[in-house]
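Peer 1: Provided below for reference: sequence and predicted model.
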Amino acid sequence: VMIFDLMRHRRTFEVAAALAEEILAVRDATFDLSQVESFYEIIAALTPKELSFFCKILVLVVYEPEDRTSSESLKILTSKELIKQRKSFDGSKVRTTDKNHALLLGCPLLLQKLVMLISSKMVPSQLLNIHSMHDPANADETDISPHVLFAQLLTRVESEVTDAENPADAWENFGNHNHINNSNTTLNSNSNNNDTNNNSPSPVAALAANSALALLRTQFEQNPAATQNDPALQEAYAALLELHAPLPADGAAATAPPAGAAPSVEQLLQEAPTWTVDDVAISIHQVEVLFVVCSLLVGKRKADAQDGLARAGLVPALTTLFNSLDWHQQPSPKNSVHSHGCECSTESIIKVQFLRLLHNFCDRDGDNLSIKRLLMSPGERKLLEAYANAPPETVTFVLRDKVMELVPVGGACSTVGAVLQAETGLLAGVVDLLMSNPADTSYRVCLTSCIEAYLRGSTPADQVFVARRGALAFLLHHLIDPSIGVQCTNFLQTSFDLLGEMTKYNREVFRMMNEEFERDPTLFPKLASTIRSNLIDSNVFLRSVIYSLEKFGAEDTDRETFEDLGAGESSHAGYNPTKYDFASCRLFYFLNQHRISLLRDLMSIVRVDEVNQENVCCLNTALVFFIFADTRNGLKATLDAACSTESAFYMNGTVEISVLDNFRQLLEFWRDYYIHRGVEALSLEMSSGIPFGVWKQVVDKLTLLQGDPL
């Protein structure tokens, strides 16, 4: 606690913060921030650079060590293991991390400052990747990376001028320097260009940059032969010069010296970067800032975190960061921040953390549609509102020159689309990035998961918007690419999950999918083969198709009933002007033809001792077949067909297993799993639209039919 108190003072902050980080890193128990009575005062006293460093401490108190173990394991605890684990906890105690989350979320000022840090200028990764251009294996004992020297100089020079800095003034200057404006939610036309600043560069930063260049010049002069033959040093030198905007004297533009040549004193004094010392320091700790915000968004109070961060302007900050990153530059082993061959780099880690944060911001069951819509530009939100208010099947979205327009079905461009052509929101940028990145990109799974999290619980307008943006055709064609599974691990599963959320209950997207199958006759047979051969990955999409087709049929039946009764169109909320065309639906025929074989595969594809977070969904998909069979009084007939004599057993390696016995054990597991997990039961009900009581009733019936009542 005393160490935390020392952080309120400029002269002792850096040492106290570093000491606190070292102590907290080796503690077995998570430190309770509520013990620091002056915590909010400390937060208020921190400058932008200090708060970014302070996030290294917050990382250690917002994430329990045991969370790392449990989150990295896919194994699901059995009911006995779960009960034993819960009994080992004292129910009267609140986890320290939850208390720390509550403390941080109780400080709106902190959330606002974290958001400002996220939207700060990103210093190019060449200076942040300390090892990217410096190979220790080829260096002698006296060789020091120019990037290390540069960072040391920044700290040394800045420490001489920050003692008298007022925190309030520091944050105001920081906001002005970064042009932070929370009302801006649109993307730049070129998301790869870093933002530029027209203000005068900081004298402190200019002095530090000049000093770093002077040190490089000294190295060139002392050992010209060695430096001229050292590609790493040459590249570092060129990078420093390239990153500085020259300040010409007497109206003449300064010129960079040729490669390998030392700049003159006049040229060194003219060099000045467009970023400040704070920009460098914050960029170094940007990963920790993102991690802290990301952790708040997955805690028990994640709904409060989503609301509070949305009010603090998180989406505009994420948009700014999205614009500043070069997403088409893939990680390179030579830029590794770890060992040789590792593809991690400072910028790639920031990108992954950014996508995790975006996913967690969208990931919420229920009532966060207004928050999700912040990922749309104001113009796009108006388009979605107009689509939702129009009569069904009278308008749709059209993509023209990367701009979405709302047009009447079969008609010309509407005035709504014509007015709103210049705005593209963050969601559209993520969708475009998914489709433009190479197949082997390391970000594809994360990008897909972000879009899927947005669409989960969204409206038909959101689904059509993403589908018309090009995501539907992209997924359908890439899912049949035989190299995808090799090039990008988990892409099949995340892609099928996204396809399921995009199509669920949406007639227009189903029609688009049928039209895509008609345009390419080879597409559906290949997709069907992919579905069957990768059932664990595709079963969630399969479940969505079953939900949707059953709903379309029920709505069409209700429509006919209301028309027979002479009811008007507006009297029925589920009314659609045209019936769904089941005759041309390839997926409808696919399910009818392979229903029993698919069901049998789902009943036997996993054993109880093999159930984990990735494959437990197969059991729920199997139950969906039985739920709708039960609505037609065909539960027993369906079970008998799936466990018929000729297919009553299957081979698991060299072991012959009874389909019926395996399914009985899975049903027992299902009951124990959901009885003790109310959150999972609620999530199952919300994602399916089927009351949990119906699920449990069908499980009970199946158990009785197998002669083993529970």
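Peer 2: Received it, and whenever you're ready, just let me know what you need. Residues are numbered from 1 along each chain as shown.
Peer 1: how about the strands in the protein?
Peer 2: 244-246, 271-273, 395-400, 403-408, 649-652, 655-658 (DSSP state E).
Peer 1: quick check: Val293 vs Leu114, distance?
Peer 2: 6 Å (C-beta to C-beta, to the nearest Å). Where you see a C-beta, it was placed from the backbone N, CA and C, and this is true even at glycine.
Peer 1: of those two, who's got more company?
Peer 2: Taking neighbours as other C-beta atoms under 10 Å, Val293 and Leu114 compare with Val293 leading, 29 against 24.
Peer 1: surely the more buried one touches Met116?
Peer 2: No. Val293 lies out of contact with Met116 (C-beta atoms under 8 Å); the separation is 11.8 Å.
Peer 1: joint contacts of these two?
Peer 2: Common neighbours of Val293 and Met116 (criterion: C-beta atoms under 8 Å, 6 or more residues apart in numbering): none identified.
Peer 1: where in the stretch 201-350 of the chain is pLDDT low?
Peer 2: 201-277, 330-345 (pLDDT under 70).
Peer 1: whoops, I mixed them up, the stretch 501-650 of the chain
Peer 2: In the stretch 501-650 of the chain the weaker segments, taking pLDDT under 70 as the threshold, are 562-577, 645-650.
Peer 1: can we see that at 50?
Peer 2: 570-574 (pLDDT under 50).
Peer 1: spell out the residue ranges of the helices in it.
Peer 2: 507-519, 523-533, 535-564, 586-604, 616-631, 635-642 (DSSP state H, counting those that start in this stretch).
Peer 1: single out the most deeply packed of the ones you listed.
Peer 2: Mean neighbours per residue, mean count of other C-beta atoms under 10 Å, is largest over the helices of the stretch 501-650 of the chain for helix 616-631, with a mean of 20.
Peer 1: elements contacting it?
Peer 2: The contact analysis (3 or more C-beta pairs under 8 Å, 6 or more residues apart in numbering; DSSP states H and E) places helix 616-631 against helix 535-564, helix 586-604, helix 635-642, helix 659-675, helix 692-705.
Peer 1: now do the buried residues in the fourth one.
Peer 2: It refers to helix 659-675. Judged by neighbour count using 16 or more other C-beta atoms under 10 Å, the buried positions of helix 659-675 are 659-660, 662-664, 666-674.
Peer 1: mind putting the helices of the stretch 501-650 of the chain into CSV with distance to Leu476?
Peer 2: Output for the helices of the stretch 501-650 of the chain, formatted as CSV (distance: least, C-beta to C-beta, whole Å):
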stretch, distance to Leu476
helix 507-519, 6
helix 523-533, 6
helix 535-564, 11
helix 586-604, 12
helix 616-631, 20
helix 635-642, 29
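Peer 1: those helices: which one's closest to Val26?
Peer 2: helix 616-631 (36.8 Å; C-beta to C-beta).
Peer 1: and the angle for that closest one with helix 635-642?
Peer 2: Here helix 616-631 runs at 130 degrees with respect to helix 635-642, directions being taken by axes from the mean of the first three to the mean of the last three C-alpha atoms, to 10 degrees.
Peer 1: just the CA atoms from helix 616-631 would do, formatted as PDB, please.
Peer 2: Output of helix 616-631 as PDB, limited to C-alpha atoms (Å, rounded to 0.1, in the frame of the first residue of the first chain):
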ATOM      1  CA  VAL A 616     -20.400 -30.500 -26.600                       C
ATOM      2  CA  CYS A 617     -22.500 -28.600 -29.200                       C
ATOM      3  CA  CYS A 618     -22.900 -31.800 -31.200                       C
ATOM      4  CA  LEU A 619     -25.100 -33.200 -28.500                       C
ATOM      5  CA  ASN A 620     -27.400 -30.200 -28.600                       C
ATOM      6  CA  THR A 621     -27.700 -30.400 -32.400                       C
ATOM      7  CA  ALA A 622     -28.700 -34.100 -32.100                       C
ATOM      8  CA  LEU A 623     -31.300 -33.000 -29.500                       C
ATOM      9  CA  VAL A 624     -32.700 -30.400 -32.000                       C
ATOM     10  CA  PHE A 625     -33.600 -33.200 -34.400                       C
ATOM     11  CA  PHE A 626     -35.500 -35.000 -31.600                       C
ATOM     12  CA  ILE A 627     -37.200 -31.800 -30.400                       C
ATOM     13  CA  PHE A 628     -38.800 -31.200 -33.700                       C
ATOM     14  CA  ALA A 629     -39.600 -34.900 -34.200                       C
ATOM     15  CA  ASP A 630     -41.400 -34.700 -30.900                       C
ATOM     16  CA  THR A 631     -43.600 -31.900 -32.200                       C
END
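Peer 1: hang on, the earlier thing: what is the nearest of the buried residues of helix 659-675 to Tyr454?
Peer 2: Tyr674 (26.6 Å).
Peer 1: just to revisit the earlier point, quick one: closest of the helices and strands packed on helix 616-631 to Glu614.
Peer 2: helix 535-564 (6.8 Å).
Peer 1: elements contacting that closest one?
Peer 2: So helix 535-564, by 3+ C-beta pairs under 8 Å, 6+ apart, packs with helix 491-503, helix 507-519, helix 523-533, helix 586-604, helix 616-631.
Peer 1: could you dump the shortest one to CSV, C-alpha only?
Peer 2: What follows is the C-alpha trace of helix 523-533 in CSV, where atoms were taken according to Å, rounded to 0.1, in the frame of the first residue of the first chain:
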residue,chain,number,x,y,z
LEU,A,523,-20.8,-25.2,-54.8
PHE,A,524,-23.5,-27.0,-52.8
PRO,A,525,-22.2,-30.6,-53.4
LYS,A,526,-18.8,-29.5,-52.1
LEU,A,527,-20.4,-27.6,-49.2
ALA,A,528,-22.5,-30.7,-48.3
SER,A,529,-19.4,-32.8,-48.4
THR,A,530,-17.6,-30.4,-46.1
ILE,A,531,-20.5,-30.4,-43.7
ARG,A,532,-20.6,-34.2,-43.4
SER,A,533,-16.8,-34.7,-43.2
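Peer 1: by how many degrees do that helix and helix 586-604 diverge?
Peer 2: 10 degrees.
Peer 1: so which residues make contact with helix 523-533?
Peer 2: 476-477, 479-480, 492, 516-517, 538, 541-542, 586, 590, 594, 598, 601.
Peer 1: quick check: angle from it to helix 507-519?
Peer 2: 110 degrees.
Peer 1: for Gln353, give its distance to Glu288.
Peer 2: Applying C-beta to C-beta to Gln353 and Glu288 gives a distance of 9 Å.
Peer 1: and Lys701, by the same measure?
Peer 2: 52 Å.
Peer 1: so the two - more neighbours on which side?
Peer 2: The neighbour count for Lys701 versus Glu288, taken as other C-beta under 10 Å, is higher for Glu288 (20 against 15).
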